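S.K.: I'll drop the sequence and a predicted model, then ask my questions.
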Amino acid sequence: MKNTSLPRLIVNGTLLAALLAPAATLRAQVSSQSYLRNTLSEIEREDPRVNQIIERAETHFRLGELNLKDGKRQPARAEFDRAVDSVLESGMDVRSNPKLQRYYLELVERVYRMEVPQGIPARTDGAAFVEVAQTGQQTTPAPPRVGFVEQKFEPSNLDELSKLVLTKDEEKVSAEQVAEAEQVKNMLDFQFKLHPLVVQYINYYQGRGRATMETGLRRSGQYMTMARKIFREEGVPEDIVWLGQVESSWRPTARSWAAASGLWQFIPGTGSRFGLRQTAYIDERNSFEKATRASAQYLKWLARRYNGNWELAMGAYNTGEGNIDRAIGRAGAADFWTIYPYIAQETRNYVPNILAVILIAKNPEKYGFHNVQRMSPLSYDVVSVPSATSLHLIASLTDTSVDYLRSINPELRRDLTPPGESYHVRVPPGRGKSFVALLKRVPVERRNQLARVIQVTPGESFEAVAARTGTSVAQLQQWNGGVDIKDGGKIVVPGGSIMKTARTYERPNSGGVTSAGSSSLHNYTAKGGETLAQVAARYNASVEEVAKINGLSADAKLERGRQIKVPSSAMAAPATKTRRRR
């Protein structure tokens, strides 16, 4: 055996240690990574439960599909609601789990597409389809397609509220502030515990949330009288109507990420539970009166459930009574501030936020909100119209715009009242009686079409009116049966009859004006960024007349490509007319 010197052994030992050290480190890293791989994250641990929730929702969705294929719309809607509710009422915070949130948003979209026919194109110009043959003779109107313009919605306040984090300055509360809040609290028609967090939210609204509070105070004027009356009738404290401020900032077309909609932000299932109909044509969650009454009834039901504790009732209104019940079980006490650690962050923000808003609204001046001008209460006449009546027709007969009708009838999802039933629609105040009188002249089978009202001069005959409107005497008499026009007055002209049939005009160098197919109206293609008033001025036309013809408001902004009808009787057009005969 070969002898090895001590120095060499030392050197070899050192080298061996140096070689083994990285290996040991690597084994430690591998062991650590293996441990991390085998340690499930919170989201991964939730996966089996998420799968169960999705499977349950899919079962209801498939049943809804089967009912819809069989023509059973109501059972189908009930199953679709159960599919959505099974996710929202699962007890999980949907937004905390990416997989569940992604599924939920896809589910809401699928339900919407199943319930609302997507194959019918929406009109962009607000006009009915009328086919005209090459001979220039008007044919039978094509199947009516008006009424498929979707109601527009705005983001809900609740989405931002759930993310709100108070600043250090907002969290500072003095004894004087608490005493001041106690004084205002004693003026309310219900009682609650004044937690420092409520005063912290008052600080928020006096600072960076001031604009939100002022906007709510201003908008509330439109609905406050109606809401207080309904809450009083339902036996709910009137001061709690300010829940509408936090829910929607008093916007009836507000919609949240969770498909909650309207002034009072009902999700589909709870809306149905309290009698709010939701079909392809109407969504009563967006109704002023019906949704307000449903909200009051739900709050009253919740208050009874929690023995008159309005903080718990408000919390349950936001997150569902199931989640509040579970939190009470975990906390061992039916008190909002005791269950506070066991509820979702959105609900932790929600209740003190509402209480702060109620205190400010009770005495705005005390909190620095001086001279906020409240909007006037909404005013309108309510009239009954027959099945499938076009909003464009109603707008013409009431001398208003479709946009305005949508704003006072936010529950209508289409520019058409529901088929198969009469419907109570709101029209501008003071115009209900004249509208009913004019509507009676329109044949029932034509009320889903367009029409316009014109003024007849004394002595003008039906023949003369027919000549200037491009229709026939027979049609005018059919639409105005029994009306004597010798002394003038208003008559109804079929909307599809606004075209002259003898000749048409074209503008080869018009820079956006297209062939109108009519000598009484021309089409103008908007360039984008223009207003209706600018287009009217371009043609020396009346803004009011152009707005009425197109069913828009006079100050409407136009998107690029929008077709706008302009009276050809306007004195000056932007390009020279070239006339041709067919």
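M.R.: Structure's in. What do you need?

S.K.: I'd assumed Val241 was in contact with Met224.
M.R.: Yes: under the criterion of CB atoms under 8 Å, Met224 makes contact with Val241 at 6.8 Å. All C-beta spots, glycine's among them, are computed from the backbone N, C-alpha and C.

S.K.: which of these two has more neighbours?
M.R.: Neighbours were counted for Met224 and for Val241 using other CB atoms under 10 Å; Val241 has more, 27 against 20.

S.K.: excluding sequence neighbours, find me the nearest residue to that one.
M.R.: Distance criterion CB to CB, 6 or more residues apart in numbering; nearest residue to Val241, sequence neighbours excluded, is Ala227 at 4.2 Å.

S.K.: what does the helix or strand containing that neighbour contact?
M.R.: Ala227 is part of helix 210-234 when elements are defined by DSSP states H and E. Helix 210-234 is contacted by residues 157, 205, 237-238, 240-242, 244-245, 249-251, 263, 288-289, 292-293, 296-297, 300, 357, 360-361, 364, 369, 372-378 when judged by CB atoms under 8 Å, 6 or more residues apart in numbering.

S.K.: which neighbouring elements make contact with the helix or strand hosting Ala464?
M.R.: Taking DSSP H and E as the criterion, Ala464 maps to helix 462-469. Applying 3 or more CB pairs under 8 Å, 6 or more residues apart in numbering; DSSP states H and E, one finds that helix 462-469 contacts strand 451-456, helix 473-479, strand 489-494.

S.K.: quick revisit: tell me the mean pLDDT over the helix holding Ala227?
M.R.: Per-residue pLDDT values over helix 210-234 give a mean of 94.

S.K.: what's the helix or strand just after that helix packed up against?
M.R.: Per DSSP H and E, helix 210-234 leads on to helix 243-248 as the next helix or strand towards the C-terminus. When contacts are defined as 3+ CB pairs under 8 Å, 6+ apart, helix 243-248 sits against helix 157-161, helix 210-234, helix 288-305, helix 345-362.

S.K.: which parts of the second one are buried?
M.R.: Residues of helix 210-234 classed as buried under the neighbour-count rule (16 or more other CB atoms under 10 Å) are 212-213, 216-217, 219-224, 226-227, 230-231, 234.

S.K.: same thing with the third one?
M.R.: Within helix 288-305, the residues that qualify as buried are 288, 290-300, 302-303, 305, counting by 16+ other CB under 10 Å.

S.K.: lowest-confidence one in these?
M.R.: Phe288 (91).

S.K.: quick check: that one touching Gly262?
M.R.: No: counting by CB under 8 Å, Phe288 stays clear of Gly262, with 9.1 Å between them.

S.K.: quickly list what's touching both of these two.
M.R.: Counting by CB under 8 Å, 6+ apart, the residues touching both Phe288 and Gly262 are 252, 410.

S.K.: so who does Phe61 touch?
M.R.: 79-80, 83, 107, 110-111.

S.K.: next: His424.
M.R.: Going by CB under 8 Å, 6+ apart, His424 touches 382-385.

S.K.: poorly predicted segments of the stretch 51-200 of the chain, please.
M.R.: 89, 91, 93-96, 109, 112-159, 161-162 (pLDDT under 70).

S.K.: figure out the length between the terminal residues of stretch 414-430.
M.R.: Counting by CA to CA, to the nearest Å, you get 25 Å between the two ends of stretch 414-430.

S.K.: flag every buried residue along it.
M.R.: 414-418, 423, 425-428.

S.K.: same thing with stretch 445-461?
M.R.: 446-453, 456.

S.K.: one more: stretch 346-365?
M.R.: 346-362, 364.

S.K.: for stretch 68-80, same thing?
M.R.: Within stretch 68-80, the residues that count as buried by 16+ other CB under 10 Å are 68, 76-80.

S.K.: for stretch 477-495, same thing?
M.R.: Quick answer for stretch 477-495 (16+ other CB under 10 Å): 479-480, 483, 485, 490-495.

S.K.: go on, stretch 535-543?
M.R.: 535-536, 538-539, 541, 543.

S.K.: can you check stretch 467-476 too?
M.R.: 469-471, 475-476.

S.K.: restricting to C-alpha, output it in CSV.
M.R.: What follows is stretch 467-476, C-alpha atoms only, in CSV (Å, rounded to 0.1, in the frame of the first residue of the first chain):
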residue,chain,number,x,y,z
ALA,A,467,-98.3,64.1,-51.9
ARG,A,468,-96.0,65.8,-49.4
THR,A,469,-95.4,62.7,-47.2
GLY,A,470,-95.0,60.1,-50.0
THR,A,471,-97.8,57.9,-48.9
SER,A,472,-101.3,57.2,-50.2
VAL,A,473,-104.6,58.6,-49.2
ALA,A,474,-105.8,55.2,-48.3
GLN,A,475,-103.0,54.7,-45.9
LEU,A,476,-103.5,58.0,-44.2
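
S.K.: you'd agree Ser396 is up against Val442?
M.R.: No: assessed by CB under 8 Å, Ser396 is found out of contact with Val442, at 10.0 Å.

S.K.: and the furthest pair within the buried residues of stretch 68-80?
M.R.: Leu68 and Ala78 (11.3 Å; CB to CB).

S.K.: how about the helices and strands packed on helix 243-248 in TSV, adding distance to Leu63?
M.R.: Output for these, formatted as TSV (distance: least, CB to CB, whole Å):
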stretch	distance to Leu63
helix 157-161	30
helix 210-234	34
helix 288-305	26
helix 345-362	30
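
S.K.: and the ones you listed: which comes nearest Thr389?
M.R.: helix 288-305 (19.5 Å).

S.K.: helices or strands up against the helix or strand just after the closest one?
M.R.: Downstream of helix 288-305, the next assigned helix or strand under DSSP H and E is helix 310-319. The contact analysis (3+ CB pairs under 8 Å, 6+ apart) places helix 310-319 against helix 288-305, helix 321-331, helix 336-339, helix 345-362.

S.K.: can you lay out these as CSV showing distance to Thr59?
M.R.: Listed next are the helices and strands packed on helix 310-319 as CSV, based on distance: least, CB to CB, whole Å:
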stretch, distance to Thr59
helix 288-305, 27
helix 321-331, 19
helix 336-339, 32
helix 345-362, 28
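
S.K.: indicate which one of those helices is closest to Leu164.
M.R.: That would be helix 345-362 among those, by CB to CB, at 5.6 Å.

S.K.: strands of this protein, residue ranges please.
M.R.: 154-155, 254-255, 381-385, 423-427, 451-456, 489-494, 504-506, 513-514, 521-525, 563-567, 578-580 (DSSP state E).

S.K.: can you list residues touching both of Ser396 and Val442?
M.R.: Listed contacts common to Ser396 and Val442 are Ala451; contacts here mean CB under 8 Å, 6+ apart.

S.K.: give me the more crowded residue out of these two.
M.R.: More crowded of Ser396 and Val442, by other CB under 10 Å: Ser396, with 25 against 22.

S.K.: so what's the more buried one closest to, chain neighbours aside?
M.R.: Ser396 sits nearest to Arg452 (CB to CB, 6+ apart), 4.7 Å away.
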